[in-house]
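>>> Sequence first, then the predicted structure, then my questions.
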Amino acid sequence: MNILILSWRGPGHPNAGGAEISTHEHAKGWVKAGHSVTLFTAAFVRGIEYEVIDGVNIIRRGRQIFGVQWEAFKWYLFDKHIKFDLVIDQFHGLPFFTPLYIKHNKLGFIHEVTKDVWRVNPWPFPLNLVPAILGPLVEPYFFKLYKNVPFMTVSQSTKKDLCEWGIKSNNITVVHNGVTIYKLKKIPAKEKKNTFIYLGALSQDKGIESALKVFSIISNTEDNWQFWVVGKCDPKYLRKLKALCNNLRLDKNIKFWGFVNEKKKFELLSRAHLAINPSVREGWGLVNIEANFFGLPVLAYDVAGSRDSIRMGINGFLSPLGDYQDMASKALKLMNDKDLYNKMQSKSKTWSRNFTWKKSVKESLKLIEDLVKV
C-alpha cells in the first residue's frame, strides 16, 4: 500500500531526536515489507527538498513549527501525488489536523502529550508565556478532532494520557521503541573515576539544569567523580549552563562534549558508569535503553515515559520530580555498593535486549495492515 507520514521533523534535521529515529525505523521497515512510504516533513538549511533515504521518499517544505502543517495541507489537497491508502499524522505538540481534510484511513502517531513541557519552552521572555499559557489550555481540544482516529504510541503512560483526553483505550496500540547500537570493534574499559553521563539535547525540558545540580551535590560529597554532558545545545544557552557550572563549582570535573556521532556516543556510554535522564516528560526514553545496553543503570525522575522504560532497582532508579538530593543519594549509594552495582549492571543489559526494531516494526506492520485490511 501507499503510506504517507506527516511529521514535523525528519532525517537530517538538526533538531531531530528519538521520535524521528523511531518514525524512520518504522518507515524503512514498512518499505522492506513491500509498501511505499512518503514522509512529508519540515525543511531546514541545506536540506534537500526531495530525497530518498532507506527507500523512504522524503519531501521537505515549511518550518517545523506551524509552517510544515500548512505546507502539508496545501500539498495534499492541491498538488499532484499518488493516492495514499493510509495517512499517519504524527503529533509533536501540534498535530497536522488531518481529520479536517482527510476522510479515509488515518493513524495518529504520538510519543508523548506535551502537558507540562509547554511551560519549559526555550522561547525568550515574554514570548515564552504564549505557549506556557495557551499550550495546556488548547492541547486537550486537539484530541477532540481525533476521537475516532486509531493511535499508535510508545508507552503505557502516553496511552493513559490519551485516554484521559477522550481517545478510547481499544483504539490505542502501544508499540515500544527498539534500539540501534553502533557495534564497536573493541569495548573500551570503564573510566577510573566514577563517571556520570548526561546524554541528549541540552534543554530545560530534558532537565540538563537538574543534572548539573545533582552533579554538584555529588561533587561536594566525594572527590572521585567526573561528569560528562553529551548533546547539542544552543550557543547562548550553553554559555548560561557553563556559568551555572562555575557557580556550582563544577567547572574542574565536568566536560561538555557537544554533539557526537553514533560511534563516539556509544564509546562514551561504554566508558561511563551511570546515566542520568532528569527529563520532565518522555515518550519512552530511548537514551535509557541505549545506556542500559552498555550496563549503565539510569537515574531519572518518576515521570511519564521514564517510569515505563526504567524499572526501579532493575535498570535504574526513579526520584520525585525536582528532588536533586534523592537522585544524588541514589547515585552515591549505587557506586559505593559494588555488589548492588554489579547486579544492576547485569540486569540493565538483560532489560535492554527486550527492545529491538525488528520486534517493533513487526508490531507496527501488523497494525497498519489491519487498519487497511491488506
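Nice, I can see it. Numbering: from 1, shown residues only.

>>> list the buried ones in stretch 89-105?
Neighbour-count burial for stretch 89-105 flags 89-99, 102, 105 (criterion: 16 or more other CB atoms under 10 Å). All C-beta atoms are positioned from the backbone trio N, CA, C, and that covers glycine.

>>> Tell me, how many residues neighbour residue 246?
Around residue 246 there are 11 other residues, counting by other CB atoms under 10 Å.

>>> what separates the one helix or strand it maps to from the chain centre, distance-wise?
Secondary structure assigned from DSSP states H and E places residue 246 in helix 235-247. Here the centre of helix 235-247 is set off from its chain's centre by 24 Å, with CA atoms, centre = their mean, to the nearest Å.

>>> Pick out the most distant pair among the buried residues of stretch 89-105.
Using CB to CB, these span at most 24.0 Å, a distance reached by 93 and 105.

>>> State the three-state secondary structure for residue 107.
Following DSSP: H, G, I helix; E, B strand; the rest coil, the label given to residue 107 is strand.

>>> can you map out the helices along the protein?
Shown for the chain, the helices assigned by DSSP state H span residues 18-32, 67-78, 129-142, 156-164, 208-219, 235-247, 262-271, 286-293, 306-309, 324-336, 338-352, 357-372.

>>> quick one: residue 114 from residue 162, how far?
Counting by CB to CB, to the nearest Å, the gap from residue 114 to residue 162 is 12 Å.

>>> which stretches of the stretch 1-150 of the chain have low pLDDT?
The model of the stretch 1-150 of the chain has no residue with pLDDT under 70.

>>> Start and end of stretch 159-170, how far apart?
Start-to-end span of stretch 159-170 (CA to CA, to the nearest Å) is 10 Å.

>>> repeat for stretch 245-258
First residue to last in stretch 245-258 (CA to CA) measures 15 Å.

>>> Stretch 134-154 now?
Across stretch 134-154, first to last residue, CA to CA, it's 26 Å.

>>> cool, and stretch 320-328?
Across stretch 320-328, first to last residue, CA to CA, it's 12 Å.

>>> Same check on stretch 301-318?
End-to-end span of stretch 301-318 (CA to CA): 5 Å.

>>> Now find how far off-centre that stretch is within its chain.
For stretch 301-318, the distance to the chain centre is 15 Å (CA atoms, centre = their mean).

>>> Stretch 26-36 now?
Computed by CA atoms, centre = their mean, the separation of stretch 26-36 from the middle of its chain amounts to 22 Å.

>>> With stretch 31-50 instead?
Per CA atoms, centre = their mean, the centroid offset for stretch 31-50 relative to its chain is 20 Å.

>>> same question, stretch 292-300
16 Å.

>>> now do stretch 57-72
With CA atoms, centre = their mean, you get 20 Å for stretch 57-72.

>>> And it, what's buried?
Residues 57, 58, 59, 60, 61, 62, 64, 68, 69, 71, 72 are the ones in stretch 57-72 that count as buried (16+ other CB under 10 Å).

>>> how near is the closest residue to the fifth one other than its chain neighbours to residue 96?
In this case it means residue 61. Leaving aside its sequence neighbours, residue 61 sits nearest to residue 71 (CB to CB, 6 or more residues apart in numbering; 4.0 Å). According to CB to CB, residue 71 and residue 96 sit 10 Å apart.

>>> if I look at those two, which residues touch both of them?
Common contacts of residue 71 and residue 96 (CB atoms under 8 Å, 6 or more residues apart in numbering): none found.

>>> that older thread, got a list of what the residue nearest to residue 61 touches?
Counting by CB under 8 Å, 6+ apart, residue 71 makes contact with 40, 61, 62.

>>> can I get those in a markdown table with distance to residue 211?
Output for the contacts of residue 71, formatted as a markdown table (distance: CB to CB, whole Å):
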| residue | distance to residue 211 |
| --- | --- |
| 40 | 35 |
| 61 | 36 |
| 62 | 33 |
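
>>> Let me know the closest of those to residue 242.
residue 62 (34.1 Å).

>>> is it true that that closest one touches residue 68?
Yes: between residue 62 and residue 68 there is a contact at 4.0 Å, judged by CB atoms under 8 Å.

>>> okay, and the common contacts of the two?
Shared contacts of residue 62 and residue 68 (CB under 8 Å, 6+ apart): 42, 43.

>>> before we move on, the earlier item: what separation is there between the residue nearest to residue 61 and residue 188?
45 Å.

>>> Contact partners for the residue nearest in space to the middle of the chain?
Centroid-nearest residue in the chain, with CA atoms, centre = their mean: residue 18, separated by 3.7 Å. Contact partners of residue 18, counting by CB under 8 Å, 6+ apart, are 111, 177, 283, 284, 286, 287.

>>> Tell me where the model's unsure across the stretch 251-374 of the chain.
The low-confidence ranges in the stretch 251-374 of the chain, as defined by pLDDT under 70, are 374.

>>> Now do the closest residue to residue 317 other than its chain neighbours: how many residues are near it, please.
Leaving aside its sequence neighbours, residue 317 sits nearest to residue 330 (CB to CB, 6+ apart; 4.4 Å). Around residue 330 there are 19 other residues, counting by other CB under 10 Å.

>>> Could you do the one 4 residues further on as well?
Residues contacting residue 334 under the criterion other CB under 10 Å number 20.

>>> ditto for residue 32
Based on other CB under 10 Å, the number of other residues close to residue 32 is 12.

>>> Please report phi then psi for the residue nearest to residue 201 when sequence neighbours are not counted.
Spatial nearest neighbour of residue 201, chain neighbours left out: residue 231 (5.3 Å); criterion: CB to CB, 6+ apart. The phi and psi values for residue 231, taken as degrees, to the nearest 10, are phi 150, psi 160.

>>> I'd guessed residue 231 sits against residue 202; true?
Yes: at 5.2 Å, residue 231 counts as touching residue 202 under the criterion of CB under 8 Å.
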